[in-house]
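>>> no FASTA, just this:
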């Protein structure tokens, strides 16, 4: 029984990938912080932890869509900042909220078309888009400020039946993502496309009749929409627009996806693993804040963690 459990714990060949080990790591961190600090298990800190983790959870879930097909999206951080800037333009919510998601769709379509039609590497394509969005954002909102619609603030900072709204955000996002990734033909096609890319045969899915370009395009659109949703949440949380609030979110999201057991080469991963990976990063940040670790050291630790996780992943081709 013990051998079977260890095999299950460390297996990484299945489509779900290795996600039980990050779960144990998250539990171990929680136990350590509970014993190490008095504040960690307090209800105020736990609710604050959920609110802090939610933007990363949402962004990481979106990032997983493109990672599964063997891609990456480095534009999500700038898109998050752009979303907060638009929502803080002192305009009605029924105008600004649809506007940010329309822009997100256009960003996703642009990324997908450049990658699938012009054969530009995802890192280059989305890095260029990152700078384009960042420039537009800083024109709209050079410094933080502005007024966010009340409906956004209440949807993030309020509560329902005594339960904080971020909890409902998490449930809704996970249910939608689960349906798309693990409960639809679209998700099945994404894993099939990524499996071919990871094995060095990117045309394998197409040879079986799967419209790979269209699905990759939709994956980038989904990623951008989830990033915009994370921006809406952040705007409600900070109650203003901030051109720098999305800084490094793309790297944190990639790290969360990788920590959760998703192979960056594509084809292997799970939604639960991605959520757990994001929670591991949130727990690390929360714990380091409680123990007064310098923010600069925290950034260095996250970078080292990403390098470690990627280095441990098996790859059959040069690259990610």
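Good, I have the coordinates. These numbers come from a predicted model, not from an experiment.
>>> can you tell me the centre-most residue of the protein?
By Cα atoms, centre = their mean, the mean C-alpha position of the chain lies nearest to residue 60, the distance being 1.3 Å.
>>> list the contacts of it.
252-253, 256-257, 260, 274-275, 277-278 (Cβ atoms under 8 Å, 6 or more residues apart in numbering). The way it works is simple: take the backbone N, C-alpha and C, and place the C-beta from them, glycine included.
>>> read off the pLDDT value for it.
We note a pLDDT of 96 for residue 60 in this prediction.
>>> now do the SS call for it.
Taken by DSSP: H, G, I helix; E, B strand; the rest coil, the conformation at residue 60 corresponds to helix.
>>> relative to residue 279, how far out is it?
10 Å (Cβ to Cβ, to the nearest Å).
>>> show me where this protein has its helices.
Per DSSP state H, the chain carries helices over the ranges 2-10, 20-36, 43-68, 76-87, 93-117, 122-140, 150-157, 165-182, 185-198, 204-207, 212-238, 249-259, 271-290, 295-312.
>>> which elements pack onto the fifth one?
Counting contacts by 3 or more Cβ pairs under 8 Å, 6 or more residues apart in numbering; DSSP states H and E, the secondary-structure elements packed against helix 93-117 are helix 76-87, helix 122-140, helix 150-157, helix 212-238.
>>> residues of the shortest one that come out buried?
When you say that, I think you mean helix 150-157. Across helix 150-157, burial judged by 16 or more other Cβ atoms under 10 Å covers 152-153, 155-156.
>>> same deal with stretch 234-242?
234-238, 240-242.
>>> just give me how far it sits from the chain centre.
18 Å (Cα atoms, centre = their mean, to the nearest Å).
>>> report the mean confidence score over it.
Here the average pLDDT along stretch 234-242 is 93.
>>> what's the span of it, first residue to last?
Length of stretch 234-242, first residue to last, Cα to Cα, to the nearest Å: 10 Å.
>>> who's in contact with that stretch?
So stretch 234-242 is in contact with 51, 55, 80-81, 83-89, 140-141, 144-148, 152-157, 245-246, going by Cβ under 8 Å, 6+ apart.
>>> any chance of the buried residues of stretch 234-242 in CSV, with distance to residue 120 too?
Converted to CSV, the buried residues of stretch 234-242 look like this (distance: Cβ to Cβ, whole Å):
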residue, distance to residue 120
234, 29
235, 31
236, 35
237, 34
238, 34
240, 35
241, 30
242, 30
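>>> residue 131: which of these is nearest?
residue 242 (17.8 Å; Cβ to Cβ).
>>> what about that closest one, distance to residue 173?
Taken as Cβ to Cβ, the span from residue 242 to residue 173 is 22 Å.
>>> next one: residue 311
Distance, residue 311 to residue 173, using Cβ to Cβ: 30 Å.
>>> more neighbours, those two?
residue 173 (20 against 7; other Cβ atoms under 10 Å).
>>> what's next to stretch 165-181, contact-wise?
By Cβ under 8 Å, 6+ apart, the residues outside stretch 165-181 that reach it are 47, 50-51, 54, 57-58, 61, 64-65, 68, 154-160, 186-187, 190, 222, 226, 229, 233, 271, 275.
>>> weed out the non-buried ones from those.
50-51, 54, 57-58, 61, 64-65, 68, 155-156, 186-187, 190, 222, 226, 229, 233, 271, 275.
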